[in-house]
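Asker: Give me the fold of what follows.
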Amino acid sequence: MSSSKHEKQLTSDIRTKLASVLKAEPGLSPEIAMARITKDMLQNNPFVPPEGDKCPVNALPDELLAYLFETGVQMQVEAMQFGDEDDDDEFDEDLSSDEEDGEGKGKGKGGMELKMEVVDVGDGDEDGEWSDVDDEVDSRRRRRTRRTYLGNGNSINIYHDVDDDDDDGDEDDEEDEDEEPEFETELPFQVLVSHICKRWRSVALGTPALWTLLNFEKGTPLDKHKAYIERAKNAPLDIIIDCTTDDYDTDEDEDPELVGYESEEKDKELLDCLRRSIDRSDSSLPTIFGDTNWYTRPGLDSNAQTSDIFSPIQYQDYTITDFSNVLDLIIPRVQQWRALSVSVSDYRWMYLLLARMHQCPSAENLDILELYHYDDNDSAETFQPRHLVTPFTPFHGQAPRLRHCVFWGVHLDWGKSLEMLKDVEDIDLAYHAEDVRPSYRTFEAMIKSPGLQTLSLSLSGPRGGEDDWRNEGVETIQLPSLEGWIMRYHSPQYARSLLRFIDTPNLRSLNLDFDEEDYTEFAKDLCKSAFGRSKSLLAGLENFKLSGLPCSRKMVEKMLDELAGLKSLNLNCQGEGELFFEALLKATTSSSSSSTSSAATTTSKKLYCPALESITTAGITGRQMREFVDARKKAGAPVKKVMMSERDEIDISSEKWLKQNVKEFDLFDPSDSEEEFGDEFYELGEFEDEGEDSEDE
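Answerer: Residues are numbered from 1 along each chain as shown. Presented below is the predicted three-dimensional model:
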């Protein structure tokens with residue numbers, strides 16, 4: 001039930017009760033009657049503390065109390081995932097009048113100051129000197145997010161903290177506060193409840209499920225994570241490590257000699273970490289740095305201080321040594337890993353991780369493996385830096401429960417890792433140079449899992465091209481279980497080759513993101529029947545996301561004509577997607593006009609996507625969407641759900657009209673994490689302007 005319906009119901013209930021009380025006691029004033037009604041209605045309000053000196057929660061058995069704590073942690077994770085925008089808006093409205101008077105800061109409605117007191121539970125903490133309250137609450141931070149997935153089926157926004165401290169004086173600080181809001185670290189729910197009283201602390205520390213999420217951030221002491229691991233006991237662990245640096249535009253300004261020096265020093269630091277942690281007697285270990293004598297190469301000067309070697313910017317984030325210390329903590333627990341997500345900006349960090357995981361035993365409980373390398377290297381042919389091209393085999397190729405994996409700019413010894421990938425349900429391959437991609441036959445084995453549901457290929461895939469594959473005498477890859485396919489940034493010819501060699505008879509969702517070149521022939525292939533079937537790939541789709549597909553207007557209309565069973569459409573209309581929306585709107589308007597005309601004939605314009613129920617757009621105005629929704633309604637094919645970018649031009653009247661004429665209307669922030677919004681497996685990432693429209697010659 002929507003908030004407006006709740007308000008109407010509440011108003012109706014109050015009026016009914018008020019009339020009843022005044023009728024029963026005519027001499028009662030409306031104010032007293034209203035006070036009595038309010039007290040009666042709030043009698044069982046869960047947000048009002050019970051009267052008396054006994055708390056009913058304390059009467060609960062430990063098992064139920066532990067369950068409540070687990071629920072609280074889960075709610076906090078969901079709040080991080082979806083946000084509390086509605087609650088924040090209501091709270092802001094309550095404070096608006098106070099803030100205008102300069103008296104509302106830090107106070108709630110009615111001027112009541114909001115405080116939280118943490119109870120001292122004594123010195124009986126078995127977790128050593130780590131203070132899990134003090135260390136959770138950092139100084140001023142601003143945060144950027146990335147979404148990752150947890151092994152318990154949930155996803156979470158990962159906050160990359162950046163210190164806001166500077167030496168520009170109070171005046172600059174005030175300007176910064178005006179320009180950008182502050183975010184304060186929220187105390188984890190499990191830590192909060194463990195500091196309420198001794199009983200609650202005992203229950204919290206004795207509930208392993210509360211301590212299984214390890215989010216390694218720079219500035220958080222390892223003692224905190226050691227305590228979490230001890231409290232988690234043998235429960236499965238969800239591990240998130242972010243070693244990315246912020247996008248400082250310093251490369252062009254820096255002295256190349258200094259950049260080269262820092263690169264050399266980081267190589268030495270990496271070698272030192274490898275020497276301390278790698279077992280050289282392992283016969284399966286590949287050649288490190290491409291040098292059989294890597295162990296004797298010089299490392300860092302033992303007398304040098306890291307602050308003398310690296311710039312301050314570099315050391316706002318994890319150093320290689322910091323990262324090595326993290327690995328020392330978690331690798332002995334590899335049997336407990338349920339999810340591992342690691343992000344790096346420099347491949348040296350990933351190289352250390354891969355080398356360490358190469359010597360790990362089988363990851364028996366690993367369900368999710370996400371490895372991200374964010375790199376600015378534009379070379380599509382060869383991996384850089386060359387001395388770090390070594391392919392490793394994590395867990396000796398054994399992870400029997402692995403179902404979800406992501407490899408962005410990270411390569412393995414694909415052939416030796418096939419056993420690990422044999423039962424995956426979702427695989428995401430992205431940004432691989434040609435020389436580190438799997439061969440066609442290896443790629444086929446990688447994605448032939450009988451339960452594969454989603455395949456994502458972004459500037460990655462089998463090595464070579466169609467001619468190479470045919471010369472190898474390979475056969476078509478049959479993927480009968482595949483339901484979702486994401487294709488991004490391929491050349492037109494490579495994209496066409498993938499369509500010809502990968503058979504997806506049960507595909508339901510397709511996500512395309514191409515730009516710059518002409519993809520008309522690729523679009524034509526999408527509209528053709530293939531592999532002996534009578535229908536095209538598009539004809540079987542229920543969900544279609546289009547972020548970019550430069551092609552002719554005629555081909556746009558042909559694609560829309562093929563999407564007869566489409567239920568959900570996601571368009572970036574700041575690029576080629578605008579052609580799709582225009583064609584869809586034009587056909588819908590013509591169809592609705594014909595259907596309402598007394599002179600309607602069988603030659604009326606065909607309605608595209610007759611089964612469409614949901615549409616998500618960026619780059620469309622509120623008036624355009626209103627026209628589209630109205631036309632679909634008149635054509636007898638109403639849209640039920642509309643999502644629009646909050647950056648687009650949507651006037652109040654259009655927004656109000658849309659909310660009244662579709663079952664669900666919402667706005668999204670296109671800068672949010674990729675999988676925050678959208679239908680099925682779709683993402684809504686940053687939308688970028690595309691090139692000019694292509695036309696048939």
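Asker: For the nearest residue to Tyr351 once chain neighbours are set aside, which residues are in contact?
Answerer: With CB to CB, 6 or more residues apart in numbering as the criterion, Tyr351 has its nearest non-adjacent residue at 5.0 Å, and that residue is Leu388. Where C-beta positions appear, they are placed from N, C-alpha and C, glycine not excepted. Residues in contact with Leu388 (CB atoms under 8 Å, 6 or more residues apart in numbering) are 289, 347-348, 351.
Asker: And Ile615, by the same measure?
Answerer: With contact set as CB under 8 Å, 6+ apart, Ile615 has these partners: 568-571, 628, 639, 641-643.
Asker: Looking at those residues, which is nearest Thr617?
Answerer: Here the nearest of these to Thr617, counting by CB to CB, is Leu571; it sits at 5.1 Å.
Asker: Show me the beta-bridge partners of that closest one.
Answerer: Beta-bridge pairing for Leu571 (DSSP bridges): Leu546, Thr617.
Asker: Wait, it touches Leu579, no?
Answerer: No: using CB atoms under 8 Å, Leu571 is not in contact with Leu579; the gap is 9.6 Å.
Asker: Let me know the closest of the contacts of Ile615 to Tyr295.
Answerer: Out of the contacts of Ile615, the member with the shortest distance to Tyr295 (by CB to CB) is Asn570, at 52.0 Å.
Asker: Neighbours of the closest one, how many?
Answerer: If you count neighbours by other CB atoms under 10 Å, Asn570 ends up with 24.
Asker: Spatially, what comes nearest to it if we skip its sequence neighbours?
Answerer: Closest residue in space to Asn570, ignoring its immediate chain neighbours: Lys545 at 3.8 Å, by CB to CB, 6+ apart.
Asker: what do you get for Met350?
Answerer: Closest residue to Met350 apart from its sequence neighbours, by CB to CB, 6+ apart: Val344 at 4.9 Å.
Asker: show me what contacts that neighbour?
Answerer: By CB under 8 Å, 6+ apart, the contact set of Val344 is 243-244, 350, 353, 372-374.
Asker: low pLDDT regions in the stretch 501-650 of the chain?
Answerer: Scanning the stretch 501-650 of the chain with the threshold set as pLDDT under 70 gives 591-605.
Asker: and if you look at the chain?
Answerer: Applying pLDDT under 70 to the chain flags the ranges 1-4, 81-185, 247-255, 300-317, 377-379, 591-605, 672-697.
Asker: how far away is Trp657 from Trp294?
Answerer: Distance, Trp657 to Trp294, using CB to CB, to the nearest Å: 67 Å.
Asker: re the thing from before, any idea which of the contacts of Ile615 has the most stuff around it?
Answerer: Counting neighbours by other CB under 10 Å, Leu569 comes out on top of these with 26 neighbours.
Asker: Secondary structure element holding that residue?
Answerer: Using DSSP states H and E, Leu569 sits in strand 568-572.
Asker: in the next helix or strand after that strand, what's buried?
Answerer: Counting by DSSP H and E, the element after strand 568-572 in chain order, helix or strand, is helix 577-596. Counting neighbours by 16 or more other CB atoms under 10 Å, one finds that the buried residues in helix 577-596 are 577-581, 583-585, 587-592, 594.
Asker: tell me what helix 577-596 is packed against?
Answerer: In terms of contacts (3 or more CB pairs under 8 Å, 6 or more residues apart in numbering; DSSP states H and E), helix 577-596 is packed against strand 543-548, helix 553-562, strand 568-572, helix 622-634.
Asker: at 6 Å what do you get?
Answerer: When contacts are defined as 3 or more CB pairs under 6 Å, 6 or more residues apart in numbering; DSSP states H and E, helix 577-596 sits against helix 553-562, strand 568-572, helix 622-634.
Asker: if we can go back for a sec, measure the residue nearest to Tyr351 to Val436 for me?
Answerer: Distance from Leu388 to Val436, counting by CB to CB: 11 Å.
Asker: go on, Ile240?
Answerer: Computed as CB to CB, the Ile240 to Val436 distance reads 25 Å.
Asker: go on, Gln359?
Answerer: For Gln359, the distance to Val436 (CB to CB) stands at 21 Å.
Asker: ok, now Gly540?
Answerer: Gly540 is 33 Å from Val436, where distance means CB to CB.
Asker: And for Val662?
Answerer: Using CB to CB, we find Val662 at a distance of 47 Å from Val436.
Asker: Going by how many neighbours each has, rank these two and give me the top one.
Answerer: For Val662 versus Val436, the count of surrounding residues by other CB under 10 Å is larger for Val662: 21 against 17.
Asker: doesn't Met643 make contact with the more buried one?
Answerer: No: when contacts are counted by CB atoms under 6 Å, Val662 is not listed as touching Met643 (10.1 Å).
Asker: how many neighbours does Ser281 have?
Answerer: The number of residues packed near Ser281 is 6, by other CB under 10 Å.
Asker: Then the one 4 residues further on?
Answerer: Leu285 is flanked by 16 other residues according to other CB under 10 Å.
Asker: Check the one 10 residues further on too.
Answerer: Other residues within reach of Tyr295, judged by other CB under 10 Å, total 13.
Asker: And Asp272, by the same measure?
Answerer: Neighbours of Asp272 under the rule other CB under 10 Å: 17.
Asker: who does the helix or strand encompassing it touch, helix- and strand-wise?
Answerer: For Asp272, the host element (DSSP H and E) is helix 256-277. Packing partners of helix 256-277 (3+ CB pairs under 6 Å, 6+ apart): helix 320-330, helix 347-358.
Asker: The shortest one vs helix 256-277, what angle?
Answerer: For the pair helix 320-330 and helix 256-277, the angle between their directions (axes from the mean of the first three to the mean of the last three CA atoms, to 10 degrees) equals 20 degrees.
Asker: What residues of the helix holding Asp272 count as buried?
Answerer: Result for helix 256-277 [16+ other CB under 10 Å]: buried residues 265-274.
Asker: same deal with stretch 201-217?
Answerer: For stretch 201-217, a neighbour-count test (16+ other CB under 10 Å) marks 201, 203-205, 207, 209-217 as buried.
Asker: Over to stretch 213-229?
Answerer: Buried-residue list, stretch 213-229, by 16+ other CB under 10 Å: 213-218, 220, 224-225, 227-229.
Asker: Stretch 449-468 too?
Answerer: For stretch 449-468, by 16+ other CB under 10 Å, it's 449, 452-464.
Asker: how far does it stretch from start to finish?
Answerer: Stretch 449-468 has an end-to-end distance of 24 Å (CA to CA, to the nearest Å).
Asker: Please apply the same query to stretch 561-581.
Answerer: Terminal-residue distance, stretch 561-581 (CA to CA): 13 Å.
Asker: Please apply the same query to stretch 209-217.
Answerer: The separation between the terminal residues of stretch 209-217, taken as CA to CA, is 21 Å.
Asker: Tell me how far it lies from the chain's centre.
Answerer: Mean-position distance between stretch 209-217 and its chain equals 18 Å (CA atoms, centre = their mean, to the nearest Å).
Asker: Please enumerate residues in contact with it?
Answerer: Under the criterion CB atoms under 6 Å, 6 or more residues apart in numbering, residues 69-70, 73, 190, 204, 225, 228, 231-232, 235, 237-241, 326 lie in contact with stretch 209-217.
Asker: re earlier: any idea what the residue nearest to Met350 is bridged to?
Answerer: Cys243, His373.
Asker: measure it to Leu352 for me?
Answerer: 9 Å.
Asker: on that earlier part again, can you flag the buried ones in the contacts of stretch 209-217?
Answerer: 69, 73, 190, 204, 225, 228, 231-232, 235, 237-241, 326.
Asker: quick one on the thing from earlier: which members of the buried residues of stretch 213-229 occur in strands, if any?
Answerer: Among the buried residues of stretch 213-229, the members falling in strands are 213-216 (criterion: DSSP state E).
Asker: Tell me the buried residues in stretch 499-511?
Answerer: Across stretch 499-511, burial judged by 16+ other CB under 10 Å covers 499, 501-505, 507-511.
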